[in-house]
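A.B. asks: fold the following, please.
(2 chains)
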Amino acid sequence: GENVEQHPSTLSVQEGDSAVIKCTYSDSASNYFPWYKQELGKGPQLIIDIRSNVGEKKDQRIAVTLNKTAKHFSLHITETQPEDSAVYFCADRGSTLGRLYFGRGTQLTVWP
Amino acid sequence: DVKVTQSSRYLVKRTGEKVFLECVQDMDHENMFWYRQDPGLGLRLIYFSYDVKMKEKGDIPEGYSVSREKKERFSLILESASTNQTSMYLCASSFQGDQPQHFGDGTRLSIL
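C.D. replies: Numbers count the residues shown, from 1 in each chain, chains lettered A, B, ... in the order given. Reported below is the predicted structural model:
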């Protein structure tokens, strides 16, 4: 089945610095790549997604890049703030309609 | 706003009990999903459903079953609870196709 690998598992940055989380996938048919943020005590919330006909997408301080040839995609957070501290999950759709395959998550801590 | 509601935030049960976890969504989504979340393992798919009375096994279906009698409700059943089923359980729903999944806030289940 599809395999999504996510790195790093933990990431600590100073407030104002940038944070980058990287994911690789195995299914070349994958064409939808969402990113979720999970705050303590809550379910994952979609923060940004990208489809395979696009190489980059930006939403304020968050951007996602996709390299289909290399089968990897990344989340970039600029000017990090303490409220960005959370667990982030990448995912892809793979070949099976509707279901997502998730990475194992990255615990991001932003120090004031 | 999409609302996915899980009936309990915390639940404590005993080994051997039959346990029901309920999930309701209010957006007329076709797809519904049950995941379990364990530290370091990310989100693992237990079962999912594309339509009423339809179900598909995910990656870890052993020891679980599901029921979808109405479009808005998806139930996860632990037939005979065991301690290794102590976990956080997350429900999600989506429209068909490349549409985002929306998550509930989870049920933290402890089996004693």
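A.B. asks: pull the number of nearby residues for A:N67.
C.D. replies: Using other Cβ atoms under 10 Å in any protein chain shown, A:N67 is surrounded by 12 other residues. Quick note: C-beta positions are derived from backbone N, CA and C, even for glycine.
A.B. asks: which non-adjacent residue is nearest residue 29?
C.D. replies: In the absence of a named chain, chain A is used. Spatial nearest neighbour of A:A29, excluding adjacent residues (Cβ to Cβ, 6 or more residues apart in numbering or on different chains): A:S95 at 4.6 Å.
A.B. asks: sorry, I should have been clearer: chain B.
C.D. replies: B:S93 (3.9 Å).
A.B. asks: center of chain B - which residue?
C.D. replies: Chain B has B:W34 as the residue nearest its centroid, 2.9 Å off, counting by Cα atoms, centre = their mean.
A.B. asks: that residue pairs with what?
C.D. replies: B:W34 forms beta bridges with B:Y47, B:C91, as assigned by DSSP bridges.
A.B. asks: what does A:F73 give?
C.D. replies: For A:F73, the beta-bridge partners under DSSP bridges are A:C23, A:L66.
A.B. asks: residues in contact with it?
C.D. replies: By Cβ atoms under 8 Å, 6 or more residues apart in numbering or on different chains, A:F73 lies in contact with A:K22, A:C23, A:Y25, A:F33, A:I50, A:V64, A:T65, A:L66, A:N67, A:C90, A:D92.
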